[in-house]
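J.: Please find the sequence and the predicted model below.
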Amino acid sequence: MTNEALTKIMDTSDEWISSRTGIRQRHISVDENTSDLATKVGQQLLAKSGLQAEELDFIIVATISPDSNMPSTANIVQANLGAINAFSFDLTAACSGFVYSLAVADKLIASGAYKNGIVIGADVMSKIVDWTDRSTSVLFGDGAGGVLLQALSETPSIIAESLKADGKRGVCLTSNRTQPSSPFSTHNLSDELYLKMDGRAVFDFAVRDVPKNILETLEKSDTPLEAVDYFLLHQANTRILDKMARKLKTDRSKFLANMQEYGNTTAASIPILLSEAVASGSIKLDGSQKIVLTGFGGGLTWGTLVVKI
Ligand SMILES: O=C(O)C1CCN(c2ccc(-c3cc(CO)ccc3Cl)cn2)CC1
C-alpha cells in the first residue's frame, strides 16, 4: 500500500510521510495472520538449509501481534511446519524482540542443550494500529523474517550483546492493554487495544539511548567502529538512521535501510533487512564480516548484538 493509496482513506500526503519517515509504501495483510507469515519464513529456512522439520529443537517467534496468546504464534508455526520435536514460545519485546530472541536462542545452543533452532520476527501491525490515527497508522506495515541457528562450531557468532529495558518509560508506546474485569472489579475501565505512541518521546529515546548502547557493545567485543561492515537497525524512521550515523561518525551507507518499502514492521524489521542483505550479497555468510543488530522501541526496550557472520 503506497503513501498515495493512504491519502484515499485518510487526511495525509506522500510528501509528509516520505519526508518525515522515509516510508513510501508498506505491505498490509488482508487475510493472513501473524502465524501465516511466520510459517512461510520457517518453510523458507528449512528449504534453504535442507534441515528436516523433525530436526528442529525449538522455535521462537518475536511478536507483539500474535494470532492469540494461547496457543502462541510459535506453537501454531510448530504445528504448521510439523516440527514435532521442537518446543516453541513467543517472546514479547516489541521492536527489540528479534534481538532479544536471538540472544536467548544463542544461549540455548551455546549451553550445549540444543542444536537447531529457528528465530522469527513477525508482526501484522495492520490489526493493532488505530486506522483513524494518521500520526501512527501510516508508520507501520506487516511482515516477517527469520534465521536458523545451528551448533556448527565452538566459535560464537554473537561476540557481544547488551540488552536493555526501562519499564518506567513504557507509557510512550503501548498496545493491547486489557483491564481487570470480573464480578469483583471495583471499576470497569475499557481495554486499550490499539497502538498509541508519544512520537516525540520515542524519537528522543532512540537518539539518546541507542548510540550509547551500540558503542558500549562494540567496546565489550573489542570491535572498533570502523571494523563493522553493516549496521542493521530497527527500521522505524530514516531520520533516526541519519542521526545514528552522525552520532557514531560512521558512513550512512553502512546503515542498511528498507523502511521505504515495508514501513515499520516492528519485530520483523531487522530479520527482513538481514534477509535482503544476504539475498543481495552485501552480507556474504562466509564468516568474514561483522555486523551490528540493534532493536529499540516499545517497553521501552533496546538492545545490540555484535555478530560475526
Ligand atoms: O516527523 C514527525 O512529525 C513524526 C515524529 C514521530 N515519528 C516517529 C517517532 C518514533 C518512531 C519510532 C517508533 C518505534 C516503534 O517501532 C520505534 C522507534 C522509533 Cl524512533 C517513529 N517515528 C514519525 C515522524
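T.: Ah, there it is. Residues are numbered from 1 along each chain as shown.
J.: Name the residue of the stretch 51-200 of the chain that lies nearest to the ligand.
T.: Gly199 (3.0 Å; C-beta to the nearest ligand atom). Where C-beta positions appear, they are placed from N, C-alpha and C, glycine not excepted.
J.: Report the spatially closest residue to that residue, excluding sequence-adjacent ones.
T.: Ser135 (6.6 Å; C-beta to C-beta, 6 or more residues apart in numbering).
J.: Can you check the pLDDT for that neighbour?
T.: The model reports Ser135 with a pLDDT of 97.
J.: wait, does the strand or helix carrying it contact the ligand?
T.: Under the criterion of DSSP states H and E, Ser135 resides in helix 134-137. No - counting by C-beta under 6 Å from any ligand atom, the ligand is not contacted by helix 134-137; separation bottoms out at 7.2 Å.
J.: now swap in stretch 251-269 and tell me
T.: Yes - judged by C-beta under 6 Å from any ligand atom, stretch 251-269 comes into contact with the ligand through Asn264, Thr266.
J.: Figure out the length between the terminal residues of that stretch.
T.: 21 Å (C-alpha to C-alpha, to the nearest Å).
J.: got it, and stretch 81-94?
T.: End-to-end distance of stretch 81-94 (C-alpha to C-alpha): 24 Å.
J.: what residues does it touch?
T.: Here stretch 81-94 makes contact (C-beta atoms under 8 Å, 6 or more residues apart in numbering) with 39, 42-43, 46, 53-64, 66, 72-75, 77-78, 97, 99-101, 104, 117-118, 165, 173, 266-267, 295, 297-299, 301, 303.
J.: what separates it from the chain centre, distance-wise?
T.: 16 Å (C-alpha atoms, centre = their mean, to the nearest Å).
J.: List the buried residues of it.
T.: Leu81, Ala83, Ala86, Phe87, Ser88, Asp90, Leu91, Thr92, Ala93, Ala94 (16 or more other C-beta atoms under 10 Å).
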